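Participant: sharing a model prediction with you, sequence too.
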Amino acid sequence: MKRAVVRGVAWVGGIMFLDRVIRYLALLILGGLLSPQDFGLFAALYVIIGGLALLQGFGIGQALIYRKDRTDEAANTSFYLSIGLGVLLAGGAWFLAPLVASFYREESMCALFRAASVILVIRSLRLVPFYLFEKALDFRKKFIPGLCASTAYLVVALVLAFRGHGAWALVGAEIASISAEAVAYWFISPWRPRLSFSPALARQDLKFGWVVLGGSILIFAFRSVDRVVLSRVLGTHELGLYAFAYTIANVPAMLFTRVLNTVLLPSYSALHEDREKQGKLFFRATSYLAGGSALFVLCLVVYGGYLLSSLYGDKWMGAVLPLSVLSVFGFSRAQTDLCGDLLIGTGSPGQFRKVNAVQLAVAVAGLYAGAVLGGIPGVALAMTVAASSALVVAWRYAGRAVGGRAVDFVRAFRGPVVAFAVLLLPAIELRRLLPSEGSLPAVALAVVAVSVVYLSVWLAADPGLRRDLSDWRRSRRDAAPGASGGRP
């Protein structure tokens, strides 16, 4: 199982790293071509599209992964369920578009919203092949669809942006991305649907999916309420600044955690009731996630503002302070998401829902005051406090699920915390040496230097990391051709 997880992480990591690199490259280029208003319009409409996509999925994919028998029959049932929900929700979105535009006080959003609703139908077509590959831990097959999706996004976004289509560049890119991914999955997947539908299996999967969906709806509400409050209180221009900072700050959650959870969720399920092995996987994943996330927070807090000014001048300077605050939010969100998939994979989705209820309640309590009193930074702070509060609860439930203790969390965080503490002041001093007029090569060299030293300190302070590295080297030697040739 351990080797399967390592191989899975390697493949999924490569796929998602490539996808995120292309996506963030597109984001950085679009930051110079589009206005904050364009980003704000897209962020506002995608709040609702994202919520409808969540309902369209209805936890069906997770139920398919968790199912232990009758997989082929369940796959057919899930396929038709997903399509039905997708068509129904897309049709509803089409008719509700004028109300959405009226709510945001943006008439131009009506056509944008109707176009974006097509995503709901396309997503339903790729749901079953997508989750069947995950269930089988066959992550290599996901490389081509991921590459097709990110490439289509980049090409369409840049073509439309260069031609001056504004927010349509972002909507068109999302449609192109999901379409290319769906076509690729159907091309490589051996599974094909049959004309069969089991009401009994549908009820079972929907029952499981409803529990998962309850937690997912709370997550969606938490990740959407800030955009709703910002658009209503401060307008779509300020929302665009916030959304730009939010996207950059959430790299740990969007990349690191997704890589780990894509592999760990089916692995937790495959291990069934073996809490010891589940715990080992979880705590090593926690340590690696903390290490990568802490380095990202360090670089973003110290060098984020310098990078934005070097790229865009004063255009995005209103996003600098929110970017620093939201980097801590991204760290907390990433860790909470890691705990969430552990709870789902070990059969405790109800606890996952409670975690997300906590963060939503804290966010709702503080967001309006944060927006009125502190503007964008106030909203960022309210979201960060909410995410950090939920993380404390998530750690408690996760520890119980695998029989973990406080000392296990301390061991997992020891290396990253020591490395962060050692590098913080030197990184700040190095920032002061950078050219005042802004220089991309200079900030890139600074980030590389800080990263190399950080990783060295982390390795020195984390025995688990050294042990994993030694095991990896040993496995590489054993797998080499002729490795056992000289043995008796």
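Facilitator: All right, it came through fine.
Participant: and residue 100, how far from residue 116?
Facilitator: 10 Å (C-beta to C-beta, to the nearest Å). Bear in mind the C-beta positions are built from the backbone N, C-alpha and C, glycine included.
Participant: ugh, wrong one, I meant residue 328
Facilitator: Distance, residue 328 to residue 116, by C-beta to C-beta: 31 Å.
Participant: between these two, tell me which one has more neighbours.
Facilitator: Between residue 328 and residue 116, counted using other C-beta atoms under 10 Å, residue 116 has the larger neighbour count: 25 against 21.
Participant: make sure the more buried one is actually in contact with residue 45.
Facilitator: Yes. Between residue 116 and residue 45 there is a contact at 6.0 Å, judged by C-beta atoms under 8 Å.
Participant: pull up the overlap in contacts between the two.
Facilitator: residue 171 (C-beta atoms under 8 Å, 6 or more residues apart in numbering).
Participant: residue 453: which element?
Facilitator: helix 440-461 (DSSP states H and E).
Participant: what average pLDDT does that helix get?
Facilitator: Computed over helix 440-461, the mean pLDDT rounds to 94.
Participant: helices or strands next to that helix in the packing?
Facilitator: With contacts taken as 3 or more C-beta pairs under 8 Å, 6 or more residues apart in numbering; DSSP states H and E, helix 440-461 sits against helix 275-312, helix 406-432, helix 463-479.
Participant: may I have that helix as PDB, with CA atoms only?
Facilitator: Taking C-alpha atoms only, helix 440-461 is exported to PDB below (Å, rounded to 0.1, in the frame of the first residue of the first chain):
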ATOM      1  CA  LEU A 440      11.900  39.500 -11.300                       C
ATOM      2  CA  PRO A 441      15.300  37.800 -11.600                       C
ATOM      3  CA  ALA A 442      16.300  39.200  -8.200                       C
ATOM      4  CA  VAL A 443      13.100  38.000  -6.400                       C
ATOM      5  CA  ALA A 444      13.300  34.700  -8.200                       C
ATOM      6  CA  LEU A 445      16.900  34.100  -6.900                       C
ATOM      7  CA  ALA A 446      15.800  35.200  -3.400                       C
ATOM      8  CA  VAL A 447      13.000  32.700  -3.400                       C
ATOM      9  CA  VAL A 448      15.200  29.900  -4.600                       C
ATOM     10  CA  ALA A 449      17.900  30.600  -2.000                       C
ATOM     11  CA  VAL A 450      15.300  30.700   0.800                       C
ATOM     12  CA  SER A 451      13.700  27.500  -0.400                       C
ATOM     13  CA  VAL A 452      17.000  25.600  -0.600                       C
ATOM     14  CA  VAL A 453      18.000  26.600   3.000                       C
ATOM     15  CA  TYR A 454      14.500  25.900   4.300                       C
ATOM     16  CA  LEU A 455      14.500  22.400   2.800                       C
ATOM     17  CA  SER A 456      17.900  21.700   4.300                       C
ATOM     18  CA  VAL A 457      16.800  22.800   7.800                       C
ATOM     19  CA  TRP A 458      13.500  20.800   7.500                       C
ATOM     20  CA  LEU A 459      15.500  17.700   6.600                       C
ATOM     21  CA  ALA A 460      17.800  18.200   9.500                       C
ATOM     22  CA  ALA A 461      15.000  18.700  12.000                       C
END
